[in-house]
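1. when you get a sec, could you give me coordinates for this:
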Amino acid sequence: MKKKILLFLILIYSSVTASDVVRNGGGISEQNIIFAFEKLPEFLNICLSQNTCVTNESEVNLIESIVQSYNNEGKNNIVFKSERKNPGFFVIDGLEKIAITGNRVGDIIYVNTDLLYKKDKNEMTKFFQVSQAVQLLVHELGHHHGDYTHDFLDSVGARVRSFFEGRLAEVFYSPFIFDMSVLSLHGNSYTTNGILILNTGVELISLSKLFNVYGCPASSLGELNRLKNQKYHFYNISWKHDDGPLMSGKKSFSGTFVLMCEYENIGNHSRYHSFDIEFDISQHLGIGSVELKKKPFLRRIKPLYKVSNGNILKL
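-> Sure, this is the predicted structure:
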């Protein structure tokens, strides 16, 4: 009989207003910017852990400064405003900007909602991607850390965005419906975890902690080669579809997670495993459940913990 980990979540369904307040953005672009800001330290630590993200000392110093001062930026310092409704607010030197901010840590970042959505040649709406949001935030937060030129901040932001575009994947439930998706991020790092996020359309739910029940095996050398780090990364996300309603009932997706085991002396290795996640959205009760079904397809990992009556117990 398969062991299962159940995580019950309350999904809060709320209406979205059009006023210029923090976190009011009802669209995908606004949501992606808020998500990128909330996860920015994790994104940037993955960047710093690789030698292909930022390369020279000044770039590294800036990213490190942004990470170190993040907790002083304030949780609610992203404000969405419209240039059309506030003429001149985003205009600098005659040019309309997508965002503006001050030069001190904690200054509000104002984002121009008029520039967050564009039409392609087929008249399909293109929204602001998470990687673009990370680029935007690196640029704006960079202004809080010195008298950097716009060209330099553009360059650093572009480097970070390029790095994540190869590692960040958002898979939508339907090519026609952008209200539900899974976002995964991997970094091939022994020092930082990847990210796995379920977007239900009204809530961003971090699923990464579900995988904490897995642990690297102890080295055969015992104390001579103790475990130093174990981290998780996520790949190959795909949705499973049925004949039920698109935005209600049970949904599921599968993927691959990599457990990266780093030991103090020798024997670092990675283990690849498949997983299935199932969740239920109830618009009437406002309650959803997320279920992780463990299904390793290479070597089995010995769990460090088990779940019993809603409690996590160490084995």
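
2. in which helix or strand does S189 reside?
-> Following DSSP states H and E, one finds S189 outside all helices and strands.

3. near it, how many other residues are there?
-> Neighbour count of S189, defined by other Cβ atoms under 10 Å: 18. Every residue, glycine included, has its C-beta placed from N, CA and C.

4. you'd agree it is up against E262?
-> No: with contacts counted by Cβ atoms under 8 Å, S189 stays clear of E262, the gap being 9.5 Å.

5. A99 and Y70, how far apart?
-> As judged by Cβ to Cβ, to the nearest Å, A99 and Y70 stand 17 Å apart.

6. more neighbours: which of the two?
-> For A99 versus Y70, neighbours defined as other Cβ under 10 Å are more numerous around A99 (20 against 15).

7. returning to that earlier point: what residues do S189 and E262 have in common as contacts?
-> Residues touching both S189 and E262 (Cβ atoms under 8 Å, 6 or more residues apart in numbering) are K231.

8. in stretch 264-276, what counts as buried?
-> With burial defined by 16 or more other Cβ atoms under 10 Å, the residues of stretch 264-276 counted as buried are 271, 273, 275.

9. now stretch 149-166
-> With burial defined by 16+ other Cβ under 10 Å, the residues of stretch 149-166 counted as buried are 153, 156-157, 159-161, 163-164.

10. and these, which is closest to L183?
-> Closest approach to L183 among the buried residues of stretch 149-166 (Cβ to Cβ): F164, at 11.2 Å.

11. residue contacts, that closest one?
-> F164 touches 43, 47, 130-131, 134, 185, counting by Cβ under 8 Å, 6+ apart.

12. and of these, the nearest to F176?
-> V130 (20.2 Å).

13. would you agree that closest one is in contact with A169?
-> No: using Cβ under 8 Å, V130 is not in contact with A169; the gap is 9.9 Å.

14. which residues are common contacts for the two?
-> Common contact partners of V130 and A169 (Cβ under 8 Å, 6+ apart): L183.

15. which one of these two is surrounded by more residues?
-> Higher neighbour count among V130 and A169: V130, with 25 against 18, using other Cβ under 10 Å.
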